[in-house]
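Chemist: need a 3D model of the sequence below.
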Amino acid sequence: MIYLDHAATTPVHKHVQNAIFRCLDQDWYNPSSSYQQGLFIREKIDQVRKDIADYIHCLPEEIIFTSSGSESNNLAIKGFLNANKNFILLIDPTSHSSIMNIKARRAKLEVNRNGIILPSFLIDRLDKADKLYQCRSLVTINGANNEIGTLQDIKKISSIIHTHQGILHIDAVQLFPTQRINVQELGIDMMSVSGHKFGCPKGIGFLYKRKSLRLEPIISGEQENSLRGGTENTPYIIGLGEALKNLTQTDFHLKNTYIAFKRDYFIQELETIDNTYLLGSKKHRLSNNINMCFKGIESHSLLSYLSLYNIAASSGSACNSLSLTPSHVISALGLDKADQMCCVRFTIDENTTLKEIDEVIHVIKRFKNSIDRGA
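Modeler: Sure thing, here's the model as predicted:
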């Protein structure tokens, strides 16, 4: 298979698998137990918590283990709004569906055609929230968009929000695997991360929450400082720690430069196809993301054709892959209605070869030619 859907999920790293299997075999005790084996497991969990905290420059007690990025998003936003009634939610319109579907007193921000939140847009919404609702804002931003790959200027956004006495939550599910994040330097108050985007199985994530912020749990219990109930998923937490070690050893500049070279080649070749154009920012973009509009070719038709040749891509977020309606992310860009149904996302990694990219381009061109002849 030619796998071009790394934004949806990544293969589980072998060393992560091995760590999980060892834990399942040897470290199956309850970490809340008072006997020696349980205390030993607790130490292992706490070490992973410390490793994450050191990596993003926060305190260990500011890390809350969850089951996913979606749960982290919900805990951050619902938990904060439930505990802080004098806030309104300002929402990035290109947010993940786990955020878009949250019911709360809220207002949408605006993005330009590349999916970027401009400072003028943000300031206008913050001012309106203050004047209309006479309350402060919890602002949730998709740090790196899962569909179109657009990167936001988090430091500038944070400065604006904090000047307005607001709180910033970053969905870093796509951002975290691609660059080092210092939550102190960037001014991030809360941040959601999912393990299966960088070599873990599905079912593990974490939320960073600044210590001074109050949250109400959405799953009650004693674990995670009473903010996330349920016996800790020790094997996957240990696996998350192993995956983190890989990130700490990664030269992101070298890796992203290498992947971006292949991304740019892919985009350049696809743009030679008539009536085909790139979505999102060329300059401020994840190194692995290519999202193209093939005017006149519905994405589901092209994806089905690619599947015949064992090529895996997507029409956007995996959570909405079976939907027949346009993605809310694509809709937020202001594309023509017809074009919104013709977008396909390819996401590569360092192991994707130019030969594979050439093969995919060849298959797409053959499909386009067959449609043109039929027309």
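Chemist: is residue 294 in contact with residue 276, as I believe?
Modeler: Yes - contact status for residue 294 versus residue 276: in contact at 5.3 Å, counting by Cβ atoms under 8 Å. Where you see a C-beta, it was placed from the backbone N, CA and C, and this is true even at glycine.
Chemist: who has more neighbours out of the two?
Modeler: Each of residue 294 and residue 276 had its neighbours counted (other Cβ atoms under 10 Å), and the higher figure belongs to residue 294 (23 against 19).
Chemist: roughly how far apart are the more buried one and residue 128?
Modeler: 38 Å (Cβ to Cβ, to the nearest Å).
Chemist: so this protein: which segments form each domain?
Modeler: Taking automatic domain parsing as the reference, the chain has its domains at 2-9+251-374, 14-248.
Chemist: ok so, going back, now list whatever residues contact both of residue 294 and residue 276.
Modeler: Taking Cβ atoms under 8 Å, 6 or more residues apart in numbering as the contact criterion, no residue touches both residue 294 and residue 276.
Chemist: could you give the number of residues near the residue nearest to residue 68 when sequence neighbours are not counted?
Modeler: Counting by Cβ to Cβ, 6 or more residues apart in numbering, residue 68 lies nearest to residue 205, which is 4.8 Å off, once chain neighbours are set aside. Neighbour count for residue 205, taken as other Cβ under 10 Å: 27.
Chemist: pretty sure residue 205 contacts residue 66?
Modeler: Yes - taking contacts as Cβ under 8 Å, residue 205 lies within contact range of residue 66: 4.8 Å.
Chemist: how about the helices in the stretch 51-200 of the chain?
Modeler: 69-83, 97-100, 119-128, 154-163, 183-186 (DSSP state H, counting those that start in this stretch).
Chemist: middle-most residue in this protein, spatially?
Modeler: Within the chain, the residue whose C-alpha comes closest to the C-alpha centroid is residue 173; the distance, by Cα atoms, centre = their mean, is 2.7 Å.
Chemist: what about the closest residue to that residue other than its chain neighbours, how many neighbours?
Modeler: Nearest in space to residue 173, with sequence neighbours left out and distances taken as Cβ to Cβ, 6+ apart, is residue 69 at 4.0 Å. Here the number of neighbours of residue 69 (other Cβ under 10 Å) works out to 26.
Chemist: need the pLDDT of residue 69.
Modeler: With respect to pLDDT, residue 69 scores 97.
Chemist: how near is it to residue 350?
Modeler: Residue 69 sits 22 Å away from residue 350, going by Cβ to Cβ.
Chemist: buried residues of the helix or strand containing residue 243, list them for me.
Modeler: Residue 243 is part of helix 234-248, with elements assigned from DSSP states H and E. Along helix 234-248, the positions that meet the burial threshold by neighbour count (16 or more other Cβ atoms under 10 Å) are 234-244, 247.
Chemist: how far does it sit from its chain's centre?
Modeler: For helix 234-248, the distance between its averaged C-alpha position and the chain's averaged C-alpha position is 18 Å (Cα atoms, centre = their mean, to the nearest Å).
Chemist: just the CA atoms of that helix, as CSV, please.
Modeler: Output in CSV follows, covering the C-alpha atoms of helix 234-248 (Å, rounded to 0.1, in the frame of the first residue of the first chain):
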residue,chain,number,x,y,z
THR,A,234,-0.6,2.1,32.3
PRO,A,235,0.5,0.2,29.2
TYR,A,236,-0.4,3.1,26.8
ILE,A,237,1.0,5.8,29.2
ILE,A,238,4.3,3.8,29.1
GLY,A,239,4.0,3.6,25.3
LEU,A,240,3.4,7.3,25.2
GLY,A,241,6.6,7.8,27.1
GLU,A,242,8.5,5.7,24.6
ALA,A,243,7.1,7.6,21.6
LEU,A,244,8.1,10.9,23.3
LYS,A,245,11.7,9.6,23.5
ASN,A,246,11.7,9.4,19.7
LEU,A,247,10.5,13.0,19.5
THR,A,248,13.2,14.2,21.9
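Chemist: touching whatever helix or strand comes next after it from outside, list them.
Modeler: Where DSSP H and E defines the elements, the next helix or strand beyond helix 234-248 is helix 252-270. Counting by Cβ under 8 Å, 6+ apart, helix 252-270 makes contact with 178-180, 276, 278, 282, 285, 287-290, 292, 346, 348-350, 352, 354, 357-358, 360-361, 364, all of which sit outside it.
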